[in-house]
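>>> Kindly generate the corresponding structure for this input.
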Amino acid sequence: MRVLIIEDEKSLSRAIKELLVCEGFLVDTSFNGVDGLDNALSGIYDVIILDITLPKMNGFEVLQEIRRNQISSAVLLLTAKSETEDKVNGFKYGTDDYLTKPFATEELIARVWALTRRSKREYINESLRFADIELDRTTHFLKKDDNSIKLSLKEYQLMEILMLNKDSVVDREYCITKIWGYDSDIEYNSTDVYISFLRKKLDALNSKAVIKSVRGVGYSLGEKE
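Numbering: from 1, shown residues only. Coordinates of the predicted model:
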């Protein structure tokens with residue numbers, strides 16, 4: 001699970017990041033509204049922790065832009081105020097939850113976990129389909145007819161990205177950022193390794209689906225002719 005913290009109090013931001021990393025989350029941080037929005041619009045985050053009072057662009061403005069661009073990440077709004085108006089505006093602009101400063105760290109962690117569970121329930125029974133294959137999003141099995149192969153976590157994440165974007169070419173940088181994060185020092189060709197693994201598994205299933213490489217850009221799903 002990936003979390004973005006948009007909070008200008010750097011000491012608080014770092015403290016929250018350390019807590020969430022200890023819980024197993026991958027965490028990125030931004031210290032102003034403009035940079036935070038830029039990161040949020042990547043669409044790679046499961047949860048965004050968003051402060052209202054930010055330099056360059058306030059939290060309400062960031063939230064409105066996130067929802068206007070149809071980013072579905074769950075948003076937890078942080079505010080130093082407890083006025084009803086702020087809460088009402090937060091929900092009006094599309095927040096999923098709010099937390100008033102100062103807050104107990106246990107409550108913050110509990111709310112983040114609750115938001116991740118809520119987002120999972122949105123597709124808990126869904127599968128993705130392309131050509132003659134099906135990707136089970138709960139078990140991480142890739143299936144064709146009565147045959148199935150278990151995917152590793154990275155293989156599953158990459159296959160999910162390809163199937164969610166089956167009508168377009170997926171940029172290699174997007175795959176790296178989505179799976180490993182902005183701060184990752186992973187080698188540039190690491191995605192090629194996992195693409196190779198996925199191709200072998202598609203061949204093992206005797207599937208019509210193929211993963212095509214688009215030179216200098218990324219990958220796309222297609223069908224054998």
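>>> Would you mind pulling the contact partners of stretch 128-136?
For stretch 128-136, the surrounding residues in contact (CB atoms under 8 Å, 6 or more residues apart in numbering) are 127, 137, 141-145, 148, 156, 159-160, 163-164, 166, 202, 205, 207-209, 221, 223. Where C-beta positions appear, they are placed from N, C-alpha and C, glycine not excepted.
>>> tally of neighbours for the closest residue to residue 150 other than its chain neighbours?
Nearest residue to residue 150 in three dimensions, chain neighbours excluded: residue 141, at 5.6 Å (CB to CB, 6 or more residues apart in numbering). Using other CB atoms under 10 Å, residue 141 is surrounded by 16 other residues.
>>> what do you get for residue 60?
21.
>>> Just confirm it is within a helix.
Yes - per DSSP: H, G, I helix; E, B strand; the rest coil, residue 60 lies within a helix segment.
>>> remind me, longest helix of this protein?
Criterion DSSP state H: the longest helix present in the chain is helix 105-121.
>>> measure stretch 151-170 end to end?
End-to-end distance of stretch 151-170 (CA to CA, to the nearest Å): 20 Å.
>>> distance between that stretch and the chain's centre?
Relative to the mean C-alpha coordinate of its chain, stretch 151-170 is positioned 13 Å out (CA atoms, centre = their mean, to the nearest Å).
>>> How about stretch 199-209?
Worked out by CA atoms, centre = their mean, stretch 199-209 lies 27 Å from the chain centre.
>>> residues of it that come out buried?
Buried residues in stretch 199-209, counted by 16 or more other CB atoms under 10 Å: 201-202, 205, 207, 209.
>>> what would these look like in CSV with pLDDT, distance to residue 85 and secondary structure?
Formatted as CSV, those follow (pLDDT from 0 to 100; distance: CB to CB, whole Å; DSSP: H, G, I helix; E, B strand; the rest coil):
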residue, pLDDT, distance to residue 85, secondary structure
201, 95, 53, helix
202, 96, 54, helix
205, 95, 56, coil
207, 95, 55, coil
209, 95, 52, strand
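>>> want to throw those residues into JSON lines with distance to residue 70?
JSON lines is the format used below for the buried residues of stretch 199-209 (distance: CB to CB, whole Å):
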{"residue": "201", "distance to residue 70": "32"}
{"residue": "202", "distance to residue 70": "30"}
{"residue": "205", "distance to residue 70": "33"}
{"residue": "207", "distance to residue 70": "31"}
{"residue": "209", "distance to residue 70": "27"}
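>>> Could you check how far residue 93 is from residue 67?
Note on residue 93: its distance to residue 67, by CB to CB, to the nearest Å, is 7 Å.
>>> what about those two, which has more around it?
Counted by other CB under 10 Å, residue 93 and residue 67 do not tie: residue 93 has more neighbours, with 19 against 15.
>>> residues touching the closest residue to the more buried one other than its chain neighbours, list them.
Nearest non-adjacent residue to residue 93, counting by CB to CB, 6+ apart: residue 63, 4.6 Å away. Residues near residue 63 by CB under 8 Å, 6+ apart: 50, 75, 77, 90, 93-95.
>>> Equivalent analysis for residue 169, please.
Counting by CB under 8 Å, 6+ apart, residue 169 touches 214, 217-220.
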